[in-house]
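In: give me the fold of what follows.
(one chain, ligands or ions: 1)
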Amino acid sequence: MDKTQQEIRKIREVIGKWQNFLIVSHKNVDGDAYGSSMSLYFSLQNLGKTVEVVNELPVTPLFYFLDIHACVTKEIRGKKFDAIFVCDCGELSMIGKYPELYADIFMNTPVVNIDHHNGNTMFGTCNFVDSEASSTCELVYDLLRADEKNITPQIATLLLFGVIRDTNCFKNSIRPHTFEVTGKLLALGAEYDKIIFHSYKSEKLNYLQLYGCVLENLISLKEGTIVGGIITQDIFERYGISENEFGPQFINETLSSIEGADFAFLIKEMESGERKLSFRARRNGFDVSKIARHFGGGGHIQSAGAYTSESIEEILKVIGNMDVGI
Ligand SMILES: [Mn+2]
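Out: Numbers count the residues shown, from 1 in each chain. A predicted model of the protein is given here:
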């Protein structure tokens, strides 16, 4: 049995043996984190388990079409869990403040780490980690596939949602297995059209206007081989968009599609005073996670991010000077 199969078996034992589960993912939930957490949530519930999904930030409106956001809770004080599933986190700190806030729970409960980030710190009691996987959802499918009848159309939709969002609609990080999993999920009733409609055909006008404002002021470094923009609190306010609702669509779809660029960056000035950095490689041969790691973040070769309190000047200096060639 290979290592992956051993980890899957260990996790299936954890599920079989225990009753109360907590599911967490990173605090700025993306489609993959949401899809993996919520698919696990419904699968465990279908097995008669007691499950909580918790996140410190509200669910982004992009996910409302799945109509399950009411299942996510903010409060777990005083509750007891037999195991914690951590989905789509390269390290425990990505969850946000919960591990600190609920140290009693996190210190004394076995952790199942399911993830595909490069350089995952293997913080779990079980670690089902594969950095070659397109998404954590692809791994959750592998975990659930032995009991395929438990994969309802709703669960299949959630899993496919994560695969589509993390590959940016199969534009990056795919492998043959990604398409095998996609085929299976479609056969199990995953609602592809609905995911595409809500993900890629539902842009709000004020978002497009904000994109236009950033594009008007596009920052071009190293003769246009690096392009990016800054969204200040003023800009968020001007277009009536909250910083947490603003997803990765702009950098994924627009900034990283500019001809001549090796990679793109986006700097969001957060209300807290911190700056949220995102990086996307436009083509192969560039490891943007190197810049993210410089600022204490992480991610994948083609897609990475970080939070920093460094000045814009310093951030641009690092982005412009770091060698990210592979
Ligand atoms: Mn992911």
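
In: doesn't S37 fall inside a helix?
Out: Yes. S37: assigned to a helix according to DSSP: H, G, I helix; E, B strand; the rest coil.

In: can you pull the contacts of it?
Out: By C-beta atoms under 8 Å, 6 or more residues apart in numbering, S37 lies in contact with I23, V24, S25, V29, V53, F85, C87, D88. Heads up, the C-betas are built off the backbone N, CA and C, glycines and all.

In: distance of the residue in the chain that the ion sits nearest to relative to K97?
Out: Of all residues in the chain, the one sitting closest to the ion is D32 (3.4 Å; C-beta to the ion). The spacing between D32 and K97, counted by C-beta to C-beta, to the nearest Å, is 21 Å.

In: so which of the two has more stuff around it?
Out: D32 (28 against 10; other C-beta atoms under 10 Å).

In: in stretch 62-82, what's buried?
Out: Within stretch 62-82, the residues scored as buried using 16 or more other C-beta atoms under 10 Å are L62, F63, F65, L66, I68, C71, V72, I76, F81, D82.

In: format the contacts of S37 as TSV; extra columns: pLDDT.
Out: As requested, the contacts of S37 are exported to TSV (pLDDT from 0 to 100):
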residue	pLDDT
I23	97
V24	96
S25	96
V29	89
V53	96
F85	98
C87	98
D88	97
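
In: drop anything exposed from those residues.
Out: Buried among the contacts of S37 (16+ other C-beta under 10 Å): I23, V24, S25, V29, V53, F85, C87, D88.

In: am I right that the fifth one is in contact with S39?
Out: No. Contact between V53 and S39 fails when scored by C-beta atoms under 8 Å: they sit 10.6 Å apart.

In: how is this structure divided into domains?
Out: 3-200, 205-321 (automatic domain parsing).

In: any residue of the shortest one up close to the ion?
Out: No. Applying C-beta under 5 Å from the ion, one finds that domain 205-321 is not in contact with the ion, the shortest distance being 8.0 Å.

In: off-centre distance for that domain?
Out: Distance of domain 205-321 from the chain centroid (C-alpha atoms, centre = their mean, to the nearest Å) equals 16 Å.

In: same question, the longest one
Out: If you compare the mean C-alpha spot of domain 3-200 with that of the full chain, they lie 10 Å apart, counting by C-alpha atoms, centre = their mean.
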